[in-house]
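Asker: Okay, structure incoming, though there's no sequence with it:
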């Protein structure tokens, strides 16, 4: 898995041309596999014999993965992204109430005010520079989702910037072992400080609610264990699973919420702005009302997914996905950015950015007697099934508001450098550029 030196989609297309499932070499020579095709990825995600819990990761279980491995955090963090069955449902239910459609919609006025204030600030920065150039990623796409998720979690202002830096290191795949260990230790320490602050002064935020779940007494009859069953199967049917959080689960849940709650939306907003500036004909459709800003967000999720290859899933026995054998215990990457441009799913123009794609596909379905339509627009970039992204409604709300206000406020917005010169993140997990210099007028 090479780090992207430029746009990763050409490499994805070359891999996909070889097949929908590929053998890959992960950092430090660890063998793994990647699933790149849309239907193959959907099959993997929903497969009953594919798990998320790292006890199924053979090389890790056998002690062949060092502590400083750059992807180890993805495998070992305690929380719902690394759990299955009843354990996953328990952890998801503790956080899910904060992300219901009703509660997210109630955030709309706050997101709109934050967006307007950030646009004011971006204009002040641009005015203060000699060339009028401002990094839209740093001054707009980053602080919007970081502020929203921090407020939801009750993260005090003093911790936010450092948490972003550490989150960026967590999703990076080019750090050395010492840097990985240092970042993980500091992330746990900072999140512990956030939890301590909310313990002293609880509020109407998700962290306070999680702390209450951590500290409450177990239900009668609970087994009082640490959430693991030590077996080879999933956690379905376990009796006495308690509803409270352990300390590692509290920190792990906070870590996942911080990273997923702002890094992915940061990438989504950045990628959407970059796509629209590179496709002025599509921007004209949005401005004229022929397409909706929500359509631009969905097409960006498909066309330039904010996550490229997400670690990990593990077969609990040898499984075959689209004709390719994946041995038991193999770490498998979910290739969201490759699947989003799979011609078998999206047609021969899969690599074309088209904000009307969803509307055309809906018309095709209505005209297709089979009721299926020829091609799909149901991208997998936010997951599928039981592990569907909990924060999807919030990411969509933030991105839609951000795009509408940005291009309404600055109709002359333009890239300040050629698109091919934009530097990419040094990661095959996070998919975006490191900076987005623009001129507002």
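Answerer: Structure received. Remember, it's a predicted structure, so these values are computed and weren't measured experimentally.
Asker: so where does the spatially most central residue of the chain fall, helix or strand?
Answerer: Closest to where the C-alpha atoms of the chain average out (C-alpha atoms, centre = their mean) is residue 264, at 4.3 Å. Residue 264 belongs to helix 264-278 when elements are defined using DSSP states H and E.
Asker: Average pLDDT for that helix, rounded please.
Answerer: Across helix 264-278, pLDDT averages out at 97.
Asker: hmm, back to that, quick check: the residue nearest to the centre of the chain touching residue 395?
Answerer: Yes: counting by C-beta atoms under 8 Å, residue 264 does reach residue 395; the two are 6.6 Å apart. (C-beta placed from N, C-alpha, C; glycine too.)
Asker: shared neighbours, those two?
Answerer: residue 389 (C-beta atoms under 8 Å, 6 or more residues apart in numbering).
Asker: how far away is the residue nearest to the centre of the chain from residue 52?
Answerer: Distance, residue 264 to residue 52, by C-beta to C-beta, to the nearest Å: 18 Å.
Asker: Please report the distance of residue 92 from residue 253.
Answerer: Residue 92 is 10 Å from residue 253, by C-beta to C-beta.
Asker: still on that earlier bit, which residue packs closest to the residue nearest to the centre of the chain, ignoring adjacent ones?
Answerer: residue 306 (4.5 Å; C-beta to C-beta, 6 or more residues apart in numbering).
Asker: With residue 68 instead?
Answerer: residue 177 (2.5 Å).
Asker: residues in contact with the one you found?
Answerer: Here residue 177 is in contact with 66, 67, 68, 69 (C-beta under 8 Å, 6+ apart).
Asker: what sits against the last one?
Answerer: What that stands for is residue 69. Applying C-beta under 8 Å, 6+ apart, we find residue 69 in contact with 27, 28, 30, 177, 180.
Asker: count of neighbours near the last one?
Answerer: Looking back up the chat, that one is residue 180. When counting by other C-beta atoms under 10 Å, one arrives at 22 neighbours for residue 180.
Asker: Give me the buried stretch members for the helix or strand containing it, please.
Answerer: Following DSSP H and E, one finds residue 180 within helix 177-200. Buried residues in helix 177-200, counted by 16 or more other C-beta atoms under 10 Å: 180, 181, 183, 184, 187, 188, 190, 191, 194, 195, 197, 198.
Asker: Which other helices and strands does the helix or strand just after it contact?
Answerer: Sequence order places helix 206-215 as the next helix or strand after helix 177-200, per DSSP H and E. For helix 206-215, the packing partners by 3 or more C-beta pairs under 8 Å, 6 or more residues apart in numbering; DSSP states H and E come out as helix 85-96, helix 143-153, helix 177-200, helix 247-258.
Asker: Contacts made by helix 206-215 with the rest, please.
Answerer: By C-beta under 8 Å, 6+ apart, helix 206-215 touches 94-95, 97-98, 152-155, 194-195, 198-199, 202, 243-247, 249-250, 253-254, 257.
Asker: contacts for the helix or strand hosting residue 294?
Answerer: Taking DSSP H and E as the definition, residue 294 sits inside helix 293-303. With C-beta under 8 Å, 6+ apart as the contact definition, helix 293-303 has outside contacts at 268, 271-272, 275-276, 282, 286, 340-341, 346, 351, 353-359, 377, 379, 381-382, 396, 399-400, 403-404.
Asker: Among those, which are located in helices?
Answerer: 268, 271-272, 275-276, 282, 286, 346, 357-359, 396, 399-400, 403-404 (DSSP state H).
Asker: of these, buried ones?
Answerer: Buried among the ones in helices among the contacts of helix 293-303 (16+ other C-beta under 10 Å): 268, 271-272, 275-276, 282, 286, 346, 357-358, 396, 399-400, 403-404.
Asker: Out of the residues you listed, which comes closest to residue 1?
Answerer: Distance to residue 1 across those (C-beta to C-beta) is lowest for residue 271, with 20.2 Å.
Asker: and stretch 253-261, how far out from the chain's middle?
Answerer: 10 Å (C-alpha atoms, centre = their mean, to the nearest Å).
Asker: Pull the contacting residues for the residue nearest to residue 264.
Answerer: Here residue 306 is in contact with 263, 264, 265, 266, 267, 268, 271, 381, 430, 431, 432 (C-beta under 8 Å, 6+ apart).
Asker: ok, now residue 329?
Answerer: 56, 57, 58, 59, 61, 314, 315.
Asker: switch to 10 Å and redo it
Answerer: Shown in contact with residue 329 (C-beta atoms under 10 Å, 6 or more residues apart in numbering): 55-62, 232, 314-318.
Asker: returning to what we had before: what sits against the residue nearest to the centre of the chain?
Answerer: 145, 171, 301, 305-307, 310, 381-382, 389, 391-392, 395, 430-432.
Asker: Relative to residue 323, how far out is it?
Answerer: For residue 264, the distance to residue 323 (C-beta to C-beta) stands at 31 Å.
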